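Colleague: for reference, the sequence and a predicted model appear below.
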Amino acid sequence: MRVIFLGTPEFAVRVLDAINNSEHKVCAVITQPDRINGRNKKTITGAVKSYAIEHGIKVFQFEKISIEGEETLRSLNPDIMVTCAYGQILKQNILDICPIINVHASLLPKYRGSSPVQWALINGEKEVGVTIMKTELGIDTGDMLLKESTVLKGDENSEEVLSVLSEIGARLIVKALDIIESGTAKWEKQDESKATHCKMLSKADGKIDFSESALRIKNFIRGMTPWPGAFTKTEKGILKILKADTAESSGGDINGEVVVSDPKKGLIVKCGEGYLDLKIIQNENGKAMDSKAYLLGHKISVGSVFGD
RNA sequence: CGCGGGGUAGAGCAGUUCGGUAGCUCAUCGGGCUCAUAACCCGAAGGUCGUGAGGUUCAAAUCCCACCCCCGCAA
């Protein structure tokens, strides 16, 4: 089938690659417009765009696809379109062009919306997965065709999980295209009563609440890493936490109080329930590093309190 | 021209205000001590201080200029 692929970030690349290496033909890629990094004015090219250029696939970028894209898409004469973390919502005029399916990184109907993996980790889910379903006006509400899950070890962050899920997505999308082409697709309605929708995350959501249990905070950090990032505040400013684990310890009266701070033992903080060993941290101007290395050159006194 | 921090030994940092032989902690190597240790003691090695046959100077990690790279905020 002639496929138009709509996607933008790294997660979508493996999926695109799988289609490109299958019997199906990717006749064009649609991706978000290039963004300019405010810090150094350099243009950031999305991962999907880079792939497409490298493999000689036509690329189109629209500010608003539903307004600017319809004619172009029709002229490409696609049999089907595949959306995968594209970043824009399709309006009816686009949906009318041809059948469209979506690759979504959750086990629908749970975790509809824009950051399903982050939320699944934050909530401590033991199992995550990928669903292939129809793209329609509602966000991630379409009838489902294929679904596959995977079990987590319990310490992966969202980047690592996304990587695993993109491989599953890559497998499923080719299978889905084959099924649809053969005309044997069986679509399953989503159970609305079990549906959950996750809200879009922003940097401000990354603030750690040390009154929560150590396990919850650990999961929170897993979900928020690497984006939008989890952080707390110290006397010296913001401290990002990229990895942490629950730990055995004692002492401390206040949630967020540092009970261990030593280049050999690490950095341990009291939580609402239990203790959290901060493994990888990063201060405002520095690189992410092991907390033990951090403590070789920075002082954090036992008894100081994180949080603000 | 959105705001700001940084590049010094393998790692993490100090030293730059006010130029004058480069320092701390850890790691490494050698030796010692201990029933034992995330333990301790003694010693050693390791750096063209991001780049520029740049500028100023008797003298530059430090002051001036240009460029490269990394990072936080804001978008």
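Modeller: Yep, it's here.
Colleague: please count neighbours and contacts with C-alpha atoms only from this point.
Modeller: OK.
Colleague: who's in contact with the residue nearest to A:Thr196 when sequence neighbours are not counted?
Modeller: In space, and not counting its chain neighbours, A:Thr196 is closest to A:Lys110: 4.8 Å by Cα to Cα, 6 or more residues apart in numbering. Residues near A:Lys110 by Cα atoms under 8 Å, 6 or more residues apart in numbering: A:Lys194, A:Ala195, A:Thr196, A:His197.
Colleague: could I get these as JSON lines with secondary structure and neighbour count?
Modeller: Converted to JSON lines, the contacts of A:Lys110 look like this (DSSP: H, G, I helix; E, B strand; the rest coil; neighbours: other Cα atoms under 10 Å):
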{"residue": "A:Lys194", "secondary structure": "helix", "neighbour count": "10"}
{"residue": "A:Ala195", "secondary structure": "coil", "neighbour count": "14"}
{"residue": "A:Thr196", "secondary structure": "coil", "neighbour count": "14"}
{"residue": "A:His197", "secondary structure": "strand", "neighbour count": "17"}
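Colleague: please identify which of the residues you listed is nearest to A:Gln92.
Modeller: Proximity of those to A:Gln92 (Cα to Cα) peaks at A:His197, which lies at 21.6 Å.
Colleague: so that closest one sits against A:Tyr111, correct?
Modeller: Yes - between A:His197 and A:Tyr111 there is a contact at 5.2 Å, judged by Cα atoms under 8 Å.
Colleague: is there any residue in the worst-scoring helix or strand of chain A on mean pLDDT that contacts RNA strand B?
Modeller: In chain A, no helix or strand scores lower on mean pLDDT, DSSP states H and E than strand A:43-44, which sits at a mean of 82. No - judged by Cα under 7 Å from any atom of the strand, strand A:43-44 makes no contact with RNA strand B; its nearest approach is 10.1 Å.
Colleague: neighbouring strands - and their directions - for that strand?
Modeller: Applying DSSP bridges, strand A:43-44 is found paired with strand A:35-36 (antiparallel).
Colleague: close to RNA strand B: what parts of chain A are there?
Modeller: Residues of chain A lying near RNA strand B (Cα under 7 Å from any atom of the strand): A:37-39, A:41, A:203-204, A:238, A:263-265, A:283-287, A:289, A:293-298.
Colleague: and the buried ones among the residues you listed, selectable in ChimeraX?
Modeller: Listed next is the ChimeraX selection for buried residues among the residues of chain A next to RNA strand B, using 16 or more other Cα atoms under 10 Å:
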select /A:238,263,283,289,294,295
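Colleague: so which of the residues of chain A next to RNA strand B are in helices?
Modeller: Using DSSP state H, the subset of the residues of chain A next to RNA strand B located in helices is A:Ala293, A:Tyr294, A:Leu295, A:Leu296, A:Gly297.
Colleague: for the residue of the stretch 101-250 of chain A found nearest RNA strand B, what are its contacts?
Modeller: Nearest residue of the stretch 101-250 of chain A to RNA strand B: A:Lys203, at 5.9 Å (Cα to the nearest atom of the strand). A:Lys203 makes contact with A:Pro228, A:Gly229, according to Cα under 8 Å, 6+ apart.
Colleague: packing partners of the longest helix seen in chain A?
Modeller: Identified as the longest helix of chain A according to DSSP H is helix A:158-182. On a contact count with 3 or more Cα pairs under 8 Å, 6 or more residues apart in numbering; DSSP states H and E, helix A:158-182 meets helix A:10-20, helix A:116-122, strand A:127-134, strand A:144-151, helix A:214-224.
Colleague: give me the mean pLDDT for the helix or strand following it.
Modeller: Sequence-wise, the next helix or strand downstream of helix A:158-182 (DSSP states H and E) is strand A:197-198. When pLDDT is averaged over strand A:197-198, the result is 94.
Colleague: go on, stretch A:12-25?
Modeller: Confidence for stretch A:12-25, expressed as mean pLDDT, is 97.
Colleague: not counting its own residues, what contacts that stretch?
Modeller: A:1-3, A:5, A:7, A:26, A:47-48, A:51, A:84-85, A:166-167, A:169-171, A:173-174, A:177.
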